[in-house]
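J.: Build the 3D model from these lines:
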Amino acid sequence: MSRISSVFAVNRNGLNVARGLSALVVVLVVVVALYALGEETYVLSVTFAVVFVALSDSGGGYAHRLREMAIVALGGAVLTALGVAIGGAPGGFVVPAVFAVTFLCGLAMRFGVHRFISAALLNVWFLIAVTLRVLDEVEHVTTNA
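T.: Next up is the predicted model:
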């Protein structure tokens, strides 16, 4: 087997259907709760948050998983607040912030592949949060992140 075929090979042992279904149930409960409260505008933001935190699940014992996913959720909340706060600012504020977050996410590779993947998801989360205000100003779309 060549190196390229080993990279793109499907590993059925890595697929955990129970975790996927639990993430789906959490998303559905949150969506139903938001619609019941009349807060439909938050569905996209909360769905991204739940999916990214679920993707960062490292497995293992519940205490370890809870701690790791709480760190990712807290980091995502901080990056979302920062991204929404500087989203409409001039490039002199946005570019250094994006550079710093991307640089720090790249440094997470030092702590292992799983932490790097979690950091990459947080980086994507931050980039989406930065673009929300621009989307609101240009397209007049309100997302209420």
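
J.: where in the chain is pLDDT low?
T.: Scanning the chain with the threshold set as pLDDT under 70 gives 1, 136-145.

J.: Report the central residue of the chain.
T.: Nearest to the mean C-alpha position of the chain, by CA atoms, centre = their mean, lies residue 52 at 3.7 Å.

J.: Is that residue in a helix, a strand, or coil?
T.: Using DSSP: H, G, I helix; E, B strand; the rest coil, the structure places residue 52 in helix.

J.: contacting residues around it?
T.: When contacts are counted by CB atoms under 8 Å, 6 or more residues apart in numbering, residue 52 touches 72, 76, 121, 122, 124, 125. Quick note: C-beta positions are derived from backbone N, CA and C, even for glycine.

J.: Which one of these is nearest to residue 11?
T.: Nearest to residue 11 among these, counting by CB to CB, is residue 121 at 19.6 Å.

J.: can you count the residues close to that closest one?
T.: 20 (other CB atoms under 10 Å).

J.: So it is in contact with residue 55, correct?
T.: Yes - counting by CB atoms under 8 Å, residue 55 is a contact partner of residue 121 at 5.9 Å.

J.: hmm, back to that, tell me the spacing between the residue nearest to the centre of the chain and residue 124.
T.: Going from residue 52 to residue 124 by CB to CB, to the nearest Å gives 8 Å.

J.: other SSEs contacting the lengthiest helix in the chain?
T.: Longest helix in the chain by number of residues, with DSSP state H as the criterion: helix 113-139. Contact here means 3 or more CB pairs under 8 Å, 6 or more residues apart in numbering; DSSP states H and E; on that basis helix 113-139 packs against helix 43-55, helix 62-86, helix 91-107.

J.: tell me which residues of the shortest one are tucked away?
T.: Okay, so that is helix 43-55. Applying a neighbour-count criterion of 16 or more other CB atoms under 10 Å, one finds 45, 46, 47, 48, 49, 50, 52, 53, 54 buried in helix 43-55.

J.: ok, residue 58 - contacts?
T.: Residue 58 sits next to 64, 65, 68, 114 when contact means CB under 8 Å, 6+ apart.
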